[in-house]
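Undergrad: A predicted structure for the sequence below; I have some questions about it.
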Amino acid sequence: MNLLEVIDASRILLNEPLSSGRTFPDNTSSFWTDSQLTTYHNLIQQELQQTIIQADEDYFVTQAYLSVVAGTAEYALPTNTIKVVRVEDNRDTSSPRELNPVTINHREVLYPPTYFLTSQATWNGGYYLRGQQIILTDTPNYTNSAVVRVHFVRRLADVTAGSDTSELPGEHHRALVWGITKYALFQEQAGDAYVQASGEYEKMTARIQKEVEARQIQRPRRVTQAQGYYGEG
């Protein structure tokens, strides 16, 4: 479901439908404007992403390279980084070498200074995080834009255009509908209706967590009864 479809489904639950062919965003409503419901959509999207991450940390993992510059150890984390999962020295593309995370207080104790000889040198350094920066424990002495690869959990981008679609799994977009409805009814101080919408939303988030966890469990296609010999005791 794209943004407009999600918002209009929520409007039906709120008993305030608007024409699907309207110019988006339509902010003339005296109850809930399209812009308000779009804000709710993106708040709920963040909540649901966190639910999925708690069930499967690697669900939204992606990767990016740092543009390594000679003499520079500090780099900005990739845009929308929630959590760094793994950092690699990727000069040997057939066998990337993991760079180990260290704390700022142990960056020299655990990983004594090594060095870059050439772009093909073996690097045994590590890294640590400081705010929105990643700091390499060994300062590189050459420039390369495809050496240090960062695997990270990325924050989903806000959805703004009516035709845009959330990157959440499509089968879970109904949770977006109920989440928007919940926020809208809270804004209206709707009492029982808000409690009911919140209940539907919580049921869907619980279902999402269960389904995401289940996709990580490898089950045999059939149950095979174990056979063995039982001798006399």
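TA: Arrived safely, thanks for sending. Numbers count the residues shown, from 1 in each chain.
Undergrad: quick one: contacts of stretch 68-76?
TA: Taking contacts as CB atoms under 8 Å, 6 or more residues apart in numbering, the residues outside stretch 68-76 that touch it are 66-67, 130, 132-145, 147-148. Heads up, the C-betas are built off the backbone N, CA and C, glycines and all.
Undergrad: Next secondary structure element downstream of the strand or helix carrying residue 39?
TA: Using DSSP states H and E, residue 39 maps to helix 34-55. Counting by DSSP H and E, the next helix or strand C-terminal to helix 34-55 is strand 61-68.
Undergrad: gap between residue 9 and residue 185?
TA: Note on residue 9: its distance to residue 185, by CB to CB, to the nearest Å, is 15 Å.
Undergrad: Then residue 12?
TA: Note on residue 12: its distance to residue 185, by CB to CB, is 14 Å.
Undergrad: Look at the two and report which has more neighbours.
TA: Set residue 12 next to residue 185 and count neighbours by other CB atoms under 10 Å: residue 185 wins out with 21 against 11.
Undergrad: Surely the more buried one is in a strand?
TA: No - Residue 185 is assigned helix when assessed by DSSP: H, G, I helix; E, B strand; the rest coil, not a strand.
Undergrad: I'd like the numbering to begin with 400 instead of 1 from here.
TA: Let's use 400 as the start, then, which means that last one is residue 584.
Undergrad: The lowest-mean-pLDDT helix or strand in the chain: which residues count as buried?
TA: One helix or strand of the chain scores below all others by mean pLDDT, DSSP states H and E: strand 496-500, with a mean of 88. Under the neighbour-count criterion of 16 or more other CB atoms under 10 Å, strand 496-500 has residue 498 buried.
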